[in-house]
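> Generate coordinates for the sequence data below:
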Amino acid sequence: MGDPFNGVVTARDVYGAVQEMRGEMRTTAGEMRQVRADIAELRETGDEHEQRIRSLEQWRARWPLASLGALVGGLAALVAAVLQYLG
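Sure thing, here's the model as predicted:
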């Protein structure tokens, strides 16, 4: 088996390898731009979801007070109906 490093490397060989690497780097740069855009979109979507969750949590924190008001109103109506029936 021969020595793989034995041979002549011409300027054309080097130029071809550089051109190939240049094309690969352009492809990689384009992919990275797309990844950055995807990450920015995911962050924006995450922020929107976070805002929605926070608004639901705030609404839910007020919900027991509304339920208590409805319960008191229902009991008052029930008491009034019973008193009217008895009286």
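> residue ranges for the helices of this protein, please.
For the chain, the helices defined by DSSP state H cover 11-86.
> so how many other residues sit close to residue 27?
Other residues near residue 27 come to 10 when the count uses other CB atoms under 10 Å. For the C-beta atoms, the positions are set from N, CA and C on the backbone; glycine is no exception.
> With residue 9 instead?
Other residues lying near residue 9 total 9 when counted by other CB under 10 Å.
> now do residue 60
Neighbours of residue 60 (other CB under 10 Å): 9.
> And for residue 54?
Based on other CB under 10 Å, the number of other residues close to residue 54 is 10.
> Below-threshold pLDDT in this protein: ranges please.
For the chain, residues meeting the criterion pLDDT under 70 lie at 1-2.
> Find the centremost residue of it, please.
The structure's the chain has its C-alpha centroid closest to residue 46; by CA atoms, centre = their mean the separation is 3.6 Å.
> how far away is it from residue 53?
10 Å (CB to CB, to the nearest Å).
> Mind listing the shared neighbours of the two?
Taking CB atoms under 8 Å, 6 or more residues apart in numbering as the criterion, residue 46 and residue 53 do not both touch any residue.
> Next one: the residue nearest to the centre of the chain relative to residue 38, how far apart?
For residue 46 relative to residue 38 (CB to CB), the value is 12 Å.
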